[in-house]
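Peer 1: give me a 3D structure for the following:
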Amino acid sequence: MSTRYVSALHVTVRHVSTRHLSARDLSVRYLPALCAAIVACAALISAGAAGAHH
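Peer 2: Okay, the predicted model is just below:
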């Protein structure tokens with residue numbers, strides 16, 4: 001992992017642990033990433049299911 005990623009992760013964890021951010025701020029910040037992860041998982045599952053059926 002790159003140092004930039006680790007430092008960004010550390011800052012994010014620190015912000016969450018200290019609860020400076022409200023629930024709305026967290027949802028606004030992480031909702032797009034969460035949706036992207038869900039879509040990616042759904043695509044992988046559907047692709048795997050299609051591959052298994054064929």
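
Peer 1: and the helix or strand hosting Val39, average pLDDT?
Peer 2: Val39 belongs to helix 23-53 when assigned by DSSP states H and E. Averaging pLDDT along helix 23-53 gives 83.

Peer 1: next one: Gly51 from Cys35, what distance?
Peer 2: Using Cβ to Cβ, to the nearest Å, we find Gly51 at a distance of 24 Å from Cys35. C-beta here means a position set from N, CA and C on the backbone, and glycine is covered the same way.

Peer 1: equivalent analysis for Val28, please.
Peer 2: 12 Å.

Peer 1: one more: Leu9?
Peer 2: Distance, Leu9 to Cys35, by Cβ to Cβ: 20 Å.

Peer 1: what's around Thr12, how many residues?
Peer 2: Residues within reach of Thr12, counting by other Cβ atoms under 10 Å, total 13.

Peer 1: make that Arg29, sorry
Peer 2: By other Cβ under 10 Å, 13 other residues sit near Arg29.

Peer 1: try the one 5 residues further on
Peer 2: For Leu34, the neighbour count with other Cβ under 10 Å is 11.

Peer 1: what mean pLDDT does the helix or strand His10 falls within get?
Peer 2: Per DSSP H and E, His10 falls inside helix 3-18. Regarding helix 3-18, the rounded mean pLDDT is 71.

Peer 1: distance from the helix holding Val39 to the middle of the chain?
Peer 2: Distance of helix 23-53 from its chain centroid, counting by Cα atoms, centre = their mean, to the nearest Å, is 9 Å.

Peer 1: helices or strands next to it in the packing?
Peer 2: Under the contact criterion of 3 or more Cβ pairs under 8 Å, 6 or more residues apart in numbering; DSSP states H and E, helix 23-53 touches no helix or strand at all.
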